[in-house]
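Enquirer: I'd like to go over a predicted model; first the sequence, then the structure.
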Amino acid sequence: MLQGLREQWRRLRGRAGRDALDRELAEEMAWHRNRLARDLEAQGMNPDDARHAARRRFGNTTKLREEVFDMWQLGSLDQLVQDVRYGVRTLLRSPGFTLVAVLILALGIGATTAIFSAVETLLLRPLPFREPERLMNISLTAPPRYGGPARTDMVWSWPKWVTFKKAQSSYSELALYSDDRMTINTGDGEPERGRGEVISARYLATLGVRPVLGSDLPPEVDAAPKAASVALISHALWGRRFNGDSSVIGKALTIDRTRYTVIGVLPPGFSGMSGTASVWLPILARRDWVFDQAMDHEFFMVGRLREGVTPEQATTAVTVLGRQVDGAHPDDFEGGGMGATAVSLDGTRVDERVRRSVLILLGAVTFVLLIACANIANLFLVRARARHREIAVRLAMGANRGRVVRQLLTESVLLAVVGGAAGVLVAWWGVQSLAALNPSAAFGAQRLGGLGAVSLTGIRLNPAALGFAAAITVITGLLFGIIPALKATGLTLTSALKEGSIQFGQGAARRGGGALVVSEIAMAVVLLIGSGLMIRSLANRLNVNPGFEAERVLTLRLTLADGEVARDSLPGFYDLILDRLGGLPGVTATALSDCPPLAGGCNYTLIEFRDRPPLPKGTQRPLVGVHWASPRWFEAMRIPLVKGRMFTGADRLGAPKVVLVSATAAERFWPGQDPLGRPVGVGQGGFHDTVTVVGVVGDVRFGTLESVPDADVYIPYLQSPRQGMMVYLKTSGDPTAVAAGARAAVKELAPSLPMYDVRPLTDRVAEASAQARFSAVLLGLFAGMALILASLGVYGVISFVVAQRTREIGIRVALGAVRRDVLALIIRQGLVLATVGTAIGVLAALLATRLLGTLLYEVTPGDMGTYVSIVALIVVAALVASWIPARRATRIHPMEALRTE
Amino acid sequence: MDYPLAPKPRSELLPGTLDMLILQTLSVGSMHGYGIAQHIQRLSKDVIQVEEGSLYPALQRMKLKGWLSAAWKKTPNNQRARFYTITAEGWRQLGQRISAFDQALLAITRVMRPS
């Protein structure tokens, strides 16, 4: 093998001076001949005889030289070079054809590569941890509750984790973690609002990550609350806030007014399981109260499989352990029945809908690429007709068929390579747009199983994507080249050489072209129907009334650190802030709430009805969404009052506690009755004792656009102060214009209070439909490309038909056919292709659109309106595409037509 | 006429033997093609006449395989000629050829001259 390679290499090197090689050999042999002649002369032969004898000895030197020359040939490689040169010349001879083909290919290959990059990033790329295939996500499960489905993705409480950890033997390492927002203060510079994680001691060991500087968390951080206030920091934070100075170890870091000692710096690029962390703190240092709260579920668990344990064995073991954990921590309120399960971490990397979306997009873009191939194959077929004489001559001169096919394939692959190169540019641009189109927000609205490490912003053209582009380039080249190449060489010599013969192309090529166009149309129909359904779903989503008005509202978040302002002074503090912000020019109203709408859901709690007998222990109790709002929040959001009254400034600490309920809650809990004045208990915010319902307000979608509104309860902020609130500024003009003023005002009042997440409310609404928009826009784009390509295909084939039938049409016109007859004759052919293609496409779409499944919203996969409009669209496109060449046919002059042959 | 180089009954060489002879010849030192032919002819007492039509392709083939290297040098009487030198790979080949040849010779001898 190696020997063979070396030999090839010597050949390659020899090639460079192949002429020199030949010259040297000639010189060497001439010298040899002279020397021989001289020796013969010395032996007494006369000079002429000696020369002749020497020459005879050598025989035919030219043949010898050829023999040696061939020896240094690269064989098939040399033929390839020849074919490529010839191919380049042929392609340059018809620049228009080449340009169109390259453009089509560049779009097809580029789009496919861009989408593949997304698939690679989201689904294929190994997770950035050591032996990621041995990592599993372990979660609690719960039976169906409150009308919702059974859950298999629930988080853990600290005591449940401890029970599980003691009993299990399937995992060599186990860790608990949760993401967390924090205000980070390094002592110098501004406080920074950032994301971090709280973790258990073996978190890094589980993932197989080591600090690049300093040490990992000591084991005692898991032993007791507040055992050690230590912190790990990201490489980026180290560089940003500590200038990458190694003296950082042992320095203090103030996080939300608590001091932590930096003990380690993590490797570059590592940002935790959440993908966004820059600080890691021990769970029990930051949230000491979770230590004995078995029902405080807020942590994800990740485990590394012990050597020799399979994921299936581990899952079985976890299921058994889940029941033990539930038995050890019985739950009186929720009714028990919880368990545990484990899945590979890789399986939880993206939301199921995201996985489905990108795979469908990959399928769609593959269709576009196939259509592009069919189109170019068509172009090649048409061109093969123009070249049939050249090919016939080459076959007649003794070229074997394989050699000619190889030459034609080289030409098509060459075209594909140029198209592929241009496609990489398209892909580069496409990937940029994908990353821009979607910060993790589009898919981050749902929690990605706690695993935020993977997001679209990480998409880039990497070696895998480039390799993919190269592979599909060669495959497409062969794909669109093989049929025309076989067809072109399969002709009989005599018929093709006969001048003016119409045997070739008339039957075979046209049938081939027709079949290609029919499949193009069929694929385009599938894509158009699929994208039509997605676009309708998007329109349905955008038509959903979320229950509030988002225009001209700026939202921003403020979070006070623990103890910064006493709990009872919080309303006063926020009143001051709202007063100040309300005085800004352009601001017409100010309000507060704890959690914005369409954010994927807020807090849930239990509601109890104080005027009804208590439910027996162990039964499920009704759940409500619970929200904190300031008096003017409903007004600023234009949420209508259905009944009763809104909150007022008088609903303060000390005054009787009151709540508002949503229309859905009123309907669900008091059907046909008046909810006003009813005594209830709400499980959060200190409202567990008896409070009174004073009003009913319109429904608001706090979860997603698709999910129906929950039964919601509103608590007056003034009666239940919280440290962190979202501030709403209703403006008279562009809401972003007041952002700078708001920032300055907050900074002046409270310099250490970070203000973040500043965005118009309309942004949040747009985000709620971002994923649907992403799929619908891309699918629509691909379907549009498919439509254009398929129309081009129809146009190409019909043009070819017109060219083929010029003489026939000429005769028809000479015999009295009028313009309309000729038009009908040609257009009929286009319509036949379109009809067959559409019929196949509709059948295929009925099957294929089932894959869209849950991505559709309020539209069925068999939606009649979509099918009818797409069929109409295709027919119109086919009509236009065949009308243009048909019109050309009507201009055929009988005499000219008859003369062309 | 009695030319010494007139066609003679040629001793047919076993396939591959020419390569071995060339390698053996070059094991003495660098030589040009003419020299190689002369050397083999002389040592074989004119029995083996190396045909130029086989010699040069053989030299090129062996060069391609990396058994020989070639360089233009001056001959003692100041003419330009291409000298061939055996390479390390060539030496290895020669060793293999010699042992194979010895075995073959022994085998043939056993058949032809049974003791």
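Expert: Thanks, I have the structure now. Not measured: the values here are computed from a predicted model.
Enquirer: is the residue nearest to residue B:79 when sequence neighbours are not counted in a helix, a strand, or coil?
Expert: Leaving aside its chain neighbours, residue B:79 sits nearest to residue A:31 (7.0 Å; criterion: CB to CB, 6 or more residues apart in numbering or on different chains). Placement of C-beta: from N, CA and C, glycine included. At residue A:31, secondary structure determined by DSSP: H, G, I helix; E, B strand; the rest coil is helix.
Enquirer: residues making contact with stretch A:578-589?
Expert: Contacting residues not belonging to stretch A:578-589 are listed as A:590-592, A:630, A:632, A:635-636, A:727-733, A:737-738, A:741-742, A:745-746, A:749 [CB atoms under 8 Å, 6 or more residues apart in numbering or on different chains].
Enquirer: span of it from start to end?
Expert: In stretch A:578-589, first residue to last residue: 9 Å (CA to CA, to the nearest Å).
Enquirer: buried stuff in that stretch?
Expert: Buried positions in stretch A:578-589, judged by neighbour count with 16 or more other CB atoms under 10 Å in any protein chain shown: A:578, A:581, A:582, A:584, A:586, A:587, A:589.
Enquirer: ok, now stretch A:730-738?
Expert: A:730, A:731, A:735, A:738.
Enquirer: secondary structure class for the closest residue to chain B within the stretch 601-750 of chain A?
Expert: The stretch 601-750 of chain A approaches chain B most closely through residue A:704 (70.4 Å), counting by CB to the nearest CB. What three-state DSSP gives for residue A:704 is coil.
Enquirer: same thing with residue A:817?
Expert: Classification of residue A:817 using three-state DSSP returns coil.
Enquirer: show me what the one helix or strand residue A:626 maps to is packed up against.
Expert: For residue A:626, the enclosing helix or strand under DSSP states H and E is strand A:623-629. On a contact count with 3 or more CB pairs under 8 Å, 6 or more residues apart in numbering or on different chains; DSSP states H and E, strand A:623-629 meets strand A:587-593, strand A:603-609, strand A:712-716.
Enquirer: could you say which of the ones you listed is packed most deeply?
Expert: When you average the neighbours per residue for each of the helices and strands packed on strand A:623-629 (mean count of other CB atoms under 10 Å in any protein chain shown), strand A:712-716 leads with a mean of 26.
Enquirer: mind listing what's buried along the next helix or strand after it?
Expert: Per DSSP H and E, the first helix or strand lying C-terminal to strand A:712-716 is strand A:724-731. Residues of strand A:724-731 classed as buried by neighbour count (16+ other CB under 10 Å): A:725, A:726, A:727, A:728, A:729, A:730, A:731.
Enquirer: apart from its neighbours in sequence, what residue is nearest the fifth one?
Expert: Closest residue in space to residue A:729, ignoring its immediate chain neighbours: residue A:554 at 4.5 Å, by CB to CB, 6+ apart.
Enquirer: packing partners of the helix or strand hosting residue A:634?
Expert: Assigned by DSSP H and E, residue A:634 belongs to helix A:633-636. The contact analysis (3+ CB pairs under 8 Å, 6+ apart) places helix A:633-636 against strand A:587-593, strand A:724-731.
Enquirer: since that was my last question, I'll sign off now.
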